[in-house]
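> okay, predicted coordinates and the sequence, questions at the end:
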Amino acid sequence: LSAGKTLCAFDGDYDEGLSSGPSGVDWSNKVRIMAYPGQAAVWLRPLVHGSGNAGSAVYFQTGSEHYIEFDGINMDGTNMGNNGGAVWMYISELGEPHHIRFKNAEFIARITDNSAFSAWASMPVEIHGGLPTIVGGFEFRYLTLHGGGRPGTTNPDNGYGIYISAPNNLVENCVIYDNKGSGI
């Protein structure tokens with residue numbers, strides 16, 4: 001898979017999580033991962049926590065992922081092993097994933113007491129980091145996002161539908177519900 005190419009996935013549940021991916025060059029020359037037209041739902045539901053992936057459907061932290069579009073690919077992070085979620089990206093000195101588009105899908109996060117890992121809660125989408133030169137450019141279109149959070153905690157950061165600390169983003173026609181904290 002390379003810039004300008006499309007991967008079509010047949011319907012079904014896939015015990016898969018993406019920890020890195022090929023990148024596009026810009027939105028007109030992107031990498032596209034989509035549900036095969038006319039098929040039933042495609043779900044990424046990682047069950048085994050492999051190296052580099054804590055159980056999230058998308059777990060990008062190398063920074064080599066740019067201009068990727070997921071269309072109709074549902075993501076389930078309920079089996080994640082720490083405070084991640086369905087989609088987890090980290091912006092650091094290792095690099096910066098940016099310009100990732102998600103559309104026409106459902107994302108689910110785990111509601112759990114993950115105090116063994118941190119005070120943070122799981123979320124359907126979590127994108128964070130601390131570089132002063134963050135590009136951002138993430139897009140969330142026509143998504144349903146639910147779940148996440150930690151029951152019985154007073155932590156104010158108790159699970160957002162979308163947690164994002166990057167500029168230049170788009171959230172359009174999304175439904176966010178049944179999370180323990182705030183929507184976005």
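Noted; the coordinates are in hand.
> which helix or which strand is home to the residue nearest to the spatial centre of the chain?
In the chain, the centroid-proximal residue (Cα atoms, centre = their mean) is residue 87; its distance is 1.8 Å. In this structure, residue 87 sits in strand 85-91 according to DSSP states H and E.
> any idea which helix or strand comes after that strand?
Downstream of strand 85-91 (by DSSP H and E), the next one is strand 98-109.
> what angle do that next one and strand 85-91 make?
Using axes from the mean of the first three to the mean of the last three Cα atoms, to 10 degrees, the inter-axis angle of strand 98-109 relative to strand 85-91 is 150 degrees.
> how far off centre is strand 98-109?
6 Å (Cα atoms, centre = their mean, to the nearest Å).
> buried sites along the following helix or strand past that strand?
Downstream of strand 98-109, the next assigned helix or strand under DSSP H and E is strand 123-129. Residues 123-127, 129 are the ones in strand 123-129 that count as buried (16 or more other Cβ atoms under 10 Å). All C-beta spots, glycine's among them, are computed from the backbone N, C-alpha and C.
> my guess is the residue nearest to the centre of the chain contacts residue 56, does it?
Yes: in this structure, residue 87 is within contact of residue 56 by Cβ atoms under 8 Å, at 6.4 Å.
> shared neighbours of these two, anything?
75, 77 (Cβ atoms under 8 Å, 6 or more residues apart in numbering).
> re the thing from before, and the residue nearest to the centre of the chain, what does it touch?
56-58, 75, 77, 102, 107, 124-127.
> which ones are touching residue 136?
98, 164, 166-169 are the contacts of residue 136 under Cβ under 8 Å, 6+ apart.
> which among these end up buried?
Judged by 16+ other Cβ under 10 Å, buried ones among the contacts of residue 136: 98, 164, 166.
> for residue 6, see how far away the second one is.
So the one you mean is residue 164. Per Cβ to Cβ, to the nearest Å, residue 164 is found 26 Å from residue 6.
> next one: the first one
Relative to residue 6, residue 98 is positioned 20 Å away (Cβ to Cβ).
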